Structure formats: structure tokens, C-alpha cells
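Quick one: sequence plus predicted model below, questions after.
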Amino acid sequence: MSDLTGEPIVRIRELRKTYISKERQGLLRSKQRAVEALKGISLEICPGEIFGLLGPNGAGKTTLIKCMTTLLLPTSGTIQINGYDVERNADQVRASIGCMLMGERGLYWKLTGRENLDFFGALYHLPPEVRRQRSQQVIELLSLGDIIDRTVETYSSGQKMKLAFAKSLINQAPLLVLDEPTNTLDVPSARELRIIVRDLNRQGHTVIYTTHQMTEAEELCKRVAIIDRGQVIALGTVDELKASIQQDGVIRAAGVIPAAAYAAVKSLEYIGEAALTTTTPNGQDELRVVTSQPRRLLPELIRALFDNGAIIEDIAPAQVTLEDVFVALTGRTLAEDTRAL
């Protein structure tokens with residue numbers, strides 16, 4: 001990875017974005033409601049970083065990315081990308097960014113994969129021969145040869161995601177913006193994509209990587225911003241953020257945890273924050289507890305769970321993760337959807 005020196009490639013100052021929505025009031029009347037999606041975000045991202053934007057669905061990550069990539073006008077505040085202002089120098093900003101916005105929605109399904117790449121290369125004013133060369137490079141990089149001449153409507157969700165990633169690379173921009181790039185990929189394909197992201201970073205690309213999967217951020221990113229309800233609630237290296245709750249301990253329990261058991265846990269002494277996820281991939285409930293006294297709390301925690309109908313398959317102290325940092329800051333897990341619209 002490049003040395004993180006020089007002028008920031010991304011500079012954001014007091015960025016705000018407010019949406020006006022309509023709430024129906026009876027059959028013929030409606031009332032306008034202002035929803036503040038971004039609430040004064042300020043960030044700087046250095047050349048050569050893989051920078052993580054982390055947070056639950058509805059936190060404001062995608063709105064922030066759309067403002068950075070000229071797809072949305074901010075309500076107030078400023079953004080500079082590669083030295084260019086997003087409002088005054090929109091063409092130069094777009095030329096500086098390779099963007100993958102939530103995968104497949106930006107593709108043309110009636111065109112083949114190759115035709116999609118050629119079309120988006122033309123939007124960047126690349127000459128035909130350069131478009132062909134770069135298309136072939138990304139086709140080989142992402143192993144798209146078997147599907148590239150089929151229409152996109154025949155692709156699986158994972159294949160569409162890989163083509164969307166290829167599209168973001170076509171203009172060889174210095175800044176890559178990847179919004180939930182592994183969202184619909186299987187485990188091997190997601191691992192392959194992360195390897196490619198690291199290789200692109202080593203070649204000099206700065207990467208902004210948005211995700212609600214903290215394990216991905218810990219694997220890829222050196223520095224992250226955690227966003228919640230339109231605000232940056234934590235900013236620093238992965239190690240710095242973990243160290244911010246290192247004086248506390250984390251206990252994780254998995255099994256069947258009813259609401260009564262969760263309420264009993266939250267009333268215990270020495271509880272800092274507790275959060276319950278009820279939709280984990282393995283079908284279990286997962287309880288995370290941040291506590292200043294993990295050894296003292298553990299037997300009381302077990303008793304409170306069993307006395308209130310929980311069926312526990314695993315419970316133990318655990319290493320601090322970025323997910324635990326979020327729980328400690330908000331009292332919620334990343335699985336909770338916070339969308340206001």
C-alpha cells in the first residue's frame with residue numbers, strides 16, 4: 001500500500017443531506033416531512049488508503065457515497081475529490097472515481113456484459129481501442145470470460161455483482177468507491193474480490209469500502225469511520241477503535257434467547273451495553289454484552305438467561321471486534337435497520 005502522505009484525495013466538510021418526504025394525511029391530504037440523512041459529516045481520506053465506511057442499513061453510507069459521486073446534491077457542506085469540488089467540477093470528479101453502487105442496479109440487462117463495459121468506457125470518453133483493451137483486462141482479472149458475451153438478464157446475482165465491479169475499473173480511476181461489493185456473492189467469490197481489492201490498492205488505487213460486515217472491514221481496512229443515523233460516531237484505525245473499549249470485556253452467547261431473557265440481562269449489574277441479534281445466518285439468536293466485569297458477570301448472566309427461558313448452546317468471553325465497538329457506542333447491533341424513509 002502507498003504511504004499515506006500528501007494532500008487528502010477526499011476532503012468532506014460539514015456535509016448535510018435532507019430529504020423531503022410526504023406523509024399521507026387521510027385520502028386527499030399529505031404533509032411534508034424533512035428527514036436528515038446526513039448530519040454534518042466531516043472526513044479526510046489519504047491517497048493509498050483502503051478506508052472503510054461502516055454502519056447498519058439506513059446509517060447514511062449510500063447517501064454519502066451518492067453525494068461524493070455527484071449523483072446527489074448535498075443540502076449544505078463541501079466535498080472535494082482529487083482536488084475537485086463535486087458541484088463546480090462534476091466532470092473532473094466523475095473522471096477521478098470508479099464507482100460500484102450496490103452492485104447490479106447500474107447495469108443494462110438487455111446488453112451483454114461486454115457491451116456494458118464498452119458503453120461505460122464510452123461515457124468516460126475512452127477511445128474504442130482503449131475501451132477494448134481495458135475491457136479485456138478486467139474480464140481476465142475477474143474471470144468473466146464464460147459469461148461476458150451473454151446478456152446481463154441471464155446472469156445470477158453474483159455474476160451481476162462481479163460485472164458491476166468490472167464496470168468500476170474500466171476508467172482506471174485513482175479512487176475506487178465500492179458500496180457493499182460482496183453483498184450477493186458466495187463465500188469464495190467474496191474472498192476473491194477482497195484479494196483483488198488489496199492488489200488494486202497495492203497498485204496505487206485509493207479505495208473507499210462501505211459495508212455493514214465488520215469482519216470484512218477488519219480484514220481490509222486500516223482506518224474506518226463508523227456511521228450511525230447520519231453521523232460519524234467513531235473514526236480511527238481498527239486497532240484504535242478496538243482499544244477504545246479494551247478496558248471493558250465482551251461476552252457472547254448463542255442459542256434461543258427470548259425477549260424476557262434479554263430484558264433480564266439488560267437489568268443486571270455491570271452491564272455496559274447489551275444487544276441481541278435474532279436473524280443470524282445459522283438461525284440462532286446472538287447476544288453481545290459489553291461489561292467492565294466479565295468474570296464477575298458471567299455466572300449471573302448464565303443464571304438470568306436460563307431462569308427466563310433461554311436455551312444456550314454457547315457462551316464465553318470473546319475478543320473485541322468492530323461490531324462490539326458499535327454495540328458499545330449505540331446499544332444496537334449492525335443487523336438493526338435504521339432507515340428513516
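Thanks, I have the structure now. Residues are numbered from 1 along each chain as shown.

switch to C-alpha atoms for all contacts and neighbour counts from now on
OK.

any idea how this protein splits into domains?
Using automatic domain parsing, the domain ranges for the chain come out as 10-242, 248-319.

what's the offset of the last one from the middle of its chain?
Pointing back at domain 248-319 there. 26 Å (C-alpha atoms, centre = their mean, to the nearest Å).

Kindly report the same for stretch 239-258.
For stretch 239-258, the distance to the chain centre is 21 Å (C-alpha atoms, centre = their mean).

any idea of the pLDDT on Ala340?
Turning to Ala340, the model gives it a pLDDT of 49.

For the stretch 201-341 of the chain, just list every one of the strands.
Counting by DSSP state E, counting those that start in this stretch, the stretch 201-341 of the chain has strands at residues 206-211, 223-228, 231-237, 249-256, 271-277, 285-291, 311-318.

For those, give me JSON lines that also has distance to Ala217.
Shown next, in JSON lines, are these (distance: least, C-alpha to C-alpha, whole Å):
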{"stretch": "strand 206-211", "distance to Ala217": "7"}
{"stretch": "strand 223-228", "distance to Ala217": "8"}
{"stretch": "strand 231-237", "distance to Ala217": "11"}
{"stretch": "strand 249-256", "distance to Ala217": "19"}
{"stretch": "strand 271-277", "distance to Ala217": "20"}
{"stretch": "strand 285-291", "distance to Ala217": "19"}
{"stretch": "strand 311-318", "distance to Ala217": "18"}
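
so how far does stretch 219-239 reach from one end to the other?
12 Å (C-alpha to C-alpha, to the nearest Å).

Give me the contacts around that stretch.
36-42, 49-56, 58-61, 194, 198, 217-218, 241, 322, 326, 329, 338 (C-alpha atoms under 8 Å, 6 or more residues apart in numbering).

Run through the stretch 101-250 of the chain and note the low-pLDDT ranges.
Low-confidence segments of the stretch 101-250 of the chain, defined by pLDDT under 70: 103-104, 246-247.

Of all the domains of the chain, which one is nearest Leu334?
domain 10-242 (4.6 Å; C-alpha to C-alpha).

Next up, the contacts around Gly272.
Counted by C-alpha under 8 Å, 6+ apart, Gly272 has contacts 289-292, 328.

do the same with Lys17
With C-alpha under 8 Å, 6+ apart, Lys17 has these contacts: 36-39, 63, 73-76.

one more time with 6 Å, if that's ok
37-38, 74-75 (C-alpha atoms under 6 Å, 6 or more residues apart in numbering).

Run through the helices of the stretch 51-200 of the chain in chain order.
61-68, 90-95, 113-123, 128-141, 157-169, 187-202 (DSSP state H, counting those that start in this stretch).
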